[in-house]
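*Asks:* Just the structure for this:
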Amino acid sequence: MRCPFCQSDETKVLETRLVADGAQVRRRRECSACNERYLTRETVDLNLPRLIKRDGARESFDEYKLCYGLLKALEKRPINATQIETSVHKLRMQSEHEVSSNKIGEWVMTELKALDEVAYIRFASVYRQFQDIKAFREEIDKLMK
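*Replies:* Below is the predicted model of the structure:
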């Protein structure tokens with residue numbers, strides 16, 4: 001592993017931990033040349049599903065877009081990174097070769113409903129394109145039941 005600070009190949013592993021229920025390895029490293037410390041994460045490189053967009057176009061699944069959407073909804077909420085990683089890991093383990101963007105959106109809403117109701121409403125307002133306060137009220141009423 002090359003040092004991100006000085007690009008030296010001489011680094012050593014100081015600590016290794018399993019995270020995300022054992023699906024990821026986190027390593028604390030130190031560069032022998034500049035003595036900077038940094039973290040790396042290792043995951044299995046899976047053949048992720050193709051995403052079928054609403055217009056029928058197909059594209060590669062982008063885990064970063066999924067994480068970004070979750071993080072935006074969970075911004076300033078009391079949810080830790082491990083909980084987010086665990087949720088994303090669940091999706092990653094699905095065996096489908098193609099999945100619709102609608103199915104991903106509904107899956108995200110289910111995960112957010114379980115994690116944090118405020119984040120769920122935030123995501124739902126964008127995903128379902130709420131146009132007025134009435135749409136918010138209806139979704140909150142459903143959540144309260």
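*Asks:* Distance from the chain centre to the lowest-mean-pLDDT helix or strand in the chain, please.
*Replies:* The helix or strand of the chain with the lowest confidence, counting by mean pLDDT, DSSP states H and E, is helix 81-92 at a mean of 78. In terms of CA atoms, centre = their mean, to the nearest Å, the centre of helix 81-92 is set 6 Å apart from its chain centre.
*Asks:* for it, packing partners?
*Replies:* Applying 3 or more CB pairs under 8 Å, 6 or more residues apart in numbering; DSSP states H and E, we find helix 81-92 packed against helix 63-73, helix 101-115. In short, each C-beta sits where N, CA and C put it, glycine included.
*Asks:* Pull out the buried residues from the last one.
*Replies:* Within helix 101-115, the residues that qualify as buried by neighbour count (16 or more other CB atoms under 10 Å) are Lys103, Ile104, Gly105, Trp107, Val108, Met109, Glu111, Leu112, Leu115.
*Asks:* Which secondary structure state does Ala33 sit in?
*Replies:* Secondary structure, DSSP: H, G, I helix; E, B strand; the rest coil: Ala33 is coil.
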